[in-house]
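>>> Got a sequence here, can you model it:
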Amino acid sequence: MKTDTMRGGLARRALPAAVFMAVATCLTACGPGAVVRGTVRDVAGEALPGVAVAVDGREAAVITDLQGGYSVRARRGPAALMFMKTGYATARLEVDASGGGRVEAPEARLWPLPESEGVFLFSNYRYTELEHPRPLAYMAADLGVVHGTPVTPSGEGVAPFGGGVAGPEGPLLAACKLPGYDARLVRLRRVAAKQSQGVRPGNSGPVLREVEEQVWVADTPVPATMAPLDGADRTLVRIEPVEPLAPGVYAVHWGVLDGLSGIEPRVFLFRVLDPMGSVEAQDEAADPDAASREEEKERRRLENQKEMNRETDEGMG
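Next up, the predicted model:
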């Protein structure tokens, strides 16, 4: 009996110690055991106040101060920080808070978002929207049916362009709110091509006129990579030529220049200038015959207009 009493007393004395150890273990392993501190800036290096900081997918815990600084609690172990601010692409940062205590996170950088969707030339921390016509089908003498556009691009980047040589200030290509995969980068060339265009209907139906234009068509595919600038969201995607681009005219498209209906029916045009005095390549926008061609197009337009008026008068008569 005495032995049983002694055993019971020892068990009662051991119980508080066991409870204490369990609580301590839970506080160490399960509780918020780290404070992560860091700074958020834009790609130009300016501090960003008002950025919401969330930990491990939970609701935003803190907002950055006027100097872009933040301090947020995280559980022990790996932690994923998300940074969100209106007008900027979301950023994600992985930190190791296994040791608990204070953890200094690497600096987070947020990319500004363009005001609309499309492909942009980003240079000197500013976006320039590229022309984005819808290509049409033409008939070229030596090529057969081609898909192209008569639009001449004005967006410019001085060579070297691409090949990983650009810093955060650019120049670089960025696609915003477009398919984050299967973009095609291609060098263009200009060819003479014809297209049948309808004018006002006459007595026997629509009247077709064959119009000849100088159009930009796909020439040489350019290897390029696509890398999101905002983590998994892929709202803003960098399109990076594998090698620096030679001077010339280029387009980003999603198959539409190859005749595919595709998920994005536009092409986005830009040109790369020669760094030596900005002399344009032979197949670039500079064209000594452009003025004469414009005069010829205007002459044909006036003739078509006269023909339409004549046929309309005959139909009414």
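>>> Next one: the closest residue to residue 96 other than its chain neighbours from residue 55, what distance?
Nearest non-adjacent residue to residue 96, counting by CB to CB, 6 or more residues apart in numbering: residue 78, 5.9 Å away. Every C-beta, even on glycine, is put in place using the N, C-alpha and C of the backbone. Look at residue 78 and residue 55: by CB to CB, to the nearest Å, they are 11 Å apart.
>>> Next: residue 49.
Distance from residue 49 to residue 55, by CB to CB: 19 Å.
>>> again, but for residue 232
Noted for residue 232: a distance of 16 Å to residue 55, by CB to CB.
>>> ok, the two, which is more surrounded?
The neighbour comparison of residue 232 against residue 55 (other CB atoms under 10 Å) goes to residue 55, with 22 against 8.
>>> What residues does the more buried one make contact with?
Counting by CB atoms under 8 Å, 6 or more residues apart in numbering, residue 55 touches 36, 61, 72-74, 79-82.
>>> From residue 269, how far out is residue 230?
Distance check for residue 230 against residue 269: by CB to CB, it reads 25 Å.
>>> And those two? Which one has more around it.
Per other CB under 10 Å, whichever of residue 230 and residue 269 has more neighbours is residue 269, with 24 against 20.
>>> who's in contact with that one?
130-133, 149, 151-153, 155, 188, 216, 249-251.
>>> What about residue 89, how many residues nearby?
Residue 89, neighbours per other CB under 10 Å, totals 23.
>>> quick one: pLDDT of it?
Looking at residue 89, its pLDDT reads 92.
>>> is it true that it touches residue 235?
Yes: Residue 89 is within contact range of residue 235, at 5.8 Å (criterion: CB atoms under 8 Å).
>>> Spit out the residues that contact the two alike.
Going by CB under 8 Å, 6+ apart, residues that sit against residue 89 and also against residue 235 are residue 113.
>>> How are the strands of the stretch 1-150 of the chain distributed by residue range?
34-42, 52-55, 62-63, 69-74, 78-84, 91-96, 101-104, 108-110, 118-123, 126-129, 136-140, 144-149 (DSSP state E, counting those that start in this stretch).
>>> Of those strands, which stretch is the most buried?
strand 118-123 (a mean of 23; mean count of other CB atoms under 10 Å).
>>> same for that one, what does it pack against?
strand 126-129, strand 156-158, strand 172-176, strand 267-273 (3 or more CB pairs under 8 Å, 6 or more residues apart in numbering; DSSP states H and E).
>>> burial measure for the closest residue to residue 151 other than its chain neighbours, as a count.
Nearest non-adjacent residue to residue 151, counting by CB to CB, 6+ apart: residue 133, 4.5 Å away. If you count neighbours by other CB under 10 Å, residue 133 ends up with 17.
>>> Residue 133 reaches residue 266, doesn't it?
Yes: with contact defined as CB under 8 Å, residue 133 reaches residue 266; the gap is 6.8 Å.
>>> ok, now which ones touch residue 183?
Here residue 183 is in contact with 175, 224, 226, 237, 239, 252-254 (CB under 8 Å, 6+ apart).
>>> Please flag which of those residues sit within helices.
Among the contacts of residue 183, no member is found in helices (DSSP state H).
>>> what about residue 106, how many neighbours?
11.
>>> Who are the contact partners of it?
38, 93, 95.
>>> And it, how close does it get to residue 95?
Where residue 95 is concerned, residue 106 sits at a distance of 8 Å (CB to CB).
>>> can you check residue 268 too?
Distance of residue 268 to residue 95, computed by CB to CB: 37 Å.
>>> can you check residue 130 too?
37 Å.
>>> and if you look at residue 273?
Taken as CB to CB, the span from residue 273 to residue 95 is 43 Å.
>>> Then residue 75?
From residue 75 to residue 95 the distance is 11 Å (CB to CB).
>>> Kindly report the same for residue 243.
Distance, residue 243 to residue 95, using CB to CB: 35 Å.
>>> Kindly report the same for residue 175.
29 Å.
>>> now do residue 239
Distance from residue 239 to residue 95, by CB to CB: 30 Å.
>>> Residue 167 too?
Per CB to CB, residue 167 is found 25 Å from residue 95.
>>> Now do the same contact list for the closest residue to residue 85 other than its chain neighbours.
The spatial neighbour of residue 85 that comes closest, neighbours along the chain excluded (CB to CB, 6+ apart), is residue 51 at 4.5 Å. Counting by CB under 8 Å, 6+ apart, residue 51 touches 40, 63-64, 68, 70, 83-85, 88, 110.
>>> Select, from those residues, the two members most distant in space.
Greatest spatial distance in those: 70 and 88, 15.0 Å, computed using CB to CB.
>>> How is the protein divided into domains?
Following automatic domain parsing, the chain resolves into domains at 21-110, 118-316.
>>> which of the ones you listed has the lowest average pLDDT?
Among the domains of the chain, domain 118-316 scores lowest, at a mean of 78.
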